[in-house]
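Sharing a model prediction with you, sequence too.
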Amino acid sequence: MSADHVSLVDVNNFYVACERAFDYSLRNRPVVVLSNNDGCVVARSQEAKDLGIPTGEPFFKIQRYMDSHNLAVRSSNYELYGDMSARVMELLGRFGTWHEVYSIDESFVGLEGNLEQVRSTAAQIRAAIDKTIGVPVCVGVSSTKTLAKLANHIAKHNPGLGGVCVQQLMDPEVLGSIMNRVPVTDVWGVGRKTGAKLAAMGIETIADLQAADPLAIRKKFSVVLQRTVFELNGQRCIGPVEERADRGQVMFTRSFSTPVRTYEAMEEVMSIYAQKAASRLASEGRYASLLTVTAGTSRFARGEASFPSAQVRLPRPTRDPILLSKLAIAAMRDLMQPGMDYVRGGVILSGLSDTPGEQQLDLFGQNVDPAAQEQENVSSVVQDISLRFGAKSIGLGHAGLARSPEWSMKREHISQRYTTDWDELLVVRA
DNA sequence: TCTGGGGTCCTAGGACCC
DNA sequence: TCTGGGGTCCTAGGACCC
């Protein structure tokens, strides 16, 4: 980051916007997108927000709105969202002096020039994304990331601004009244718990936090919140977003559509999830040195709970799907209590590196263990195929996908994969 | 009946060493 | 047996984010 301006660009109600970009029947009516398994609401259109539907609301509680308020419902379609995100990010990369992708629908972009020029560039970004991709974005501009987030928040809540807010161009009185009114929990990095603790100290609004003593904040909380105070005062201290390839772990965890109770079903889960996680590692060209398996009963159920979790240190960095699958199955078998209703489970790979561990070779350069050598060969073939044709194309043992397991994900309201699947391309009739 | 998934960062505390 | 401090490394857990 240089001595220019920081902007935050994000898509309004991203998942809903993606669905709407391809389906005109979803415009001007309440729309929600559901989590995996169609469990609860993860994204809402403005109309759905106006109906009072909160994020995280279980689907069954709002199903009645489908009839009474013409509510449209979609299962989440991550192929579509990932593809739309890539298009937005590619376009954003053409504007600005630097570009950091922060999440699936948010980027920080460095903008140069005087404030009027910056406002004009922000408006161009907005128009370009709307025209070529068909999703609405808001742009907030200020001197630090935390303030740019805040400016974006202001742009979103004040339609009169036309989706762009350059904080330095705001009327100081208007800005001041916002800072004195907006609760501190709306600041990036201040959540519910910290908000409650701050409130107990009399720090309730953004202006209160801005005026707080950074040293006192550091002592009572952490350097994280201290940095937030600095950033609110225009001092940049939040560094660049790390590149994805450097990140620390790969997870594959899911809720099941029906509970898993037996060793056999759990083995199937662990086997498939370990292979999915391994295939993700392969696509990123990385290897793991630590395997974690988890499972859990419902947090909402009465009666005895069970949250088995174990870590397995791998003998050497690997992404071998057979090895990971076997180890995950074995670790979970020792821990789970058959008969309990497990509603979720997962596999986490961490301790990631770019190079595999050394194989143990004998004096003649042969692998010490012929069985291990053979497994090595099979695994690399499996990895090769799943890299070329996708993880669904091949599976080992339990993961042979001749049938979908009973517990696998429910997606009853899925939209078409307009952009990523040849069989579901949008047909335009002229 | 039905309640998401995938991450990051920081801190405290224990084990171990000199 | 008791006395002491400083340092590193690792892990678990908390808090937050989208």
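Sure, I can see it.

what does chain A put close to DNA strand B?
Contact residues (Cβ under 7 Å from any atom of the strand) of chain A with DNA strand B: A:35-37, A:39-40, A:42, A:55-56, A:58-60, A:222-224, A:242, A:247-255, A:298, A:300, A:343-344, A:346. From N, CA and C alone the C-beta is placed, and that goes for glycine too.

mind listing which of those are in strands?
Those of those mapping onto strands are A:42, A:249-255, A:343-344, A:346, per DSSP state E.

As a markdown table, those with neighbour count would be great.
Putting those into a markdown table (neighbours: other Cβ atoms under 10 Å) gives the following:
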| residue | neighbour count |
| --- | --- |
| A:42 | 16 |
| A:249 | 13 |
| A:250 | 21 |
| A:251 | 14 |
| A:252 | 18 |
| A:253 | 16 |
| A:254 | 18 |
| A:255 | 19 |
| A:343 | 21 |
| A:344 | 19 |
| A:346 | 21 |
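
what about the spatially closest residue to residue A:250 that is not a sequence neighbour, which SS state?
Take residue A:250 and drop its neighbours on the chain: the residue closest to it by Cβ to Cβ, 6 or more residues apart in numbering is residue A:349, 4.7 Å away. Using DSSP: H, G, I helix; E, B strand; the rest coil, the secondary structure recorded for residue A:349 is strand.

can you give me the offset of the helix ranked longest in chain A from its chain's centre?
Assignment by DSSP state H gives helix A:263-284 as the longest helix of chain A. Relative to its chain's centre, helix A:263-284 lies at 20 Å (Cα atoms, centre = their mean, to the nearest Å).

residue boundaries of the helices in the stretch 51-200 of chain A?
Taking DSSP state H, counting those that start in this stretch as the criterion, the stretch 51-200 of chain A carries its helices at A:59-62, A:65-68, A:78-92, A:115-132, A:145-157, A:172-181, A:192-200.

winner for burial among the ones you listed?
Greatest average neighbour count among the helices of the stretch 51-200 of chain A goes to helix A:145-157 (a mean of 23), per mean count of other Cβ atoms under 10 Å.

Between strand A:342-350 and the longest helix of chain A, find me the angle.
Relative orientation of helix A:263-284 versus strand A:342-350 (axes from the mean of the first three to the mean of the last three Cα atoms, to 10 degrees): 30 degrees.

and residue A:347, what does it touch?
Residues in contact with residue A:347 (Cβ atoms under 8 Å, 6 or more residues apart in numbering) are A:251-253, A:270, A:273-274, A:276-277, A:291-294, A:324, A:328.

If you drop the residues flanking it in sequence, what lies closest to whichever residue of chain A sits closest to DNA strand C?
With Cβ to the nearest atom of the strand, the shortest gap between chain A and DNA strand C falls at residue A:191, namely 2.3 Å. Closest residue in space to residue A:191, ignoring its immediate chain neighbours: residue A:185 at 6.8 Å, by Cβ to Cβ, 6+ apart.

wait, that neighbour sits on residue A:203?
No. Look at residue A:185 against residue A:203 with Cβ atoms under 8 Å: they stay out of range, at 10.9 Å.

ok, the two, which is more surrounded?
Higher neighbour count among residue A:185 and residue A:203: residue A:203, with 20 against 16, using other Cβ atoms under 10 Å.

gap between the two ends of stretch A:292-303?
26 Å (Cα to Cα, to the nearest Å).

right, is that stretch up against DNA strand C?
No. Interface with DNA strand C: stretch A:292-303 contributes nothing (Cβ under 7 Å from any atom of the strand), its closest point being 8.2 Å away.
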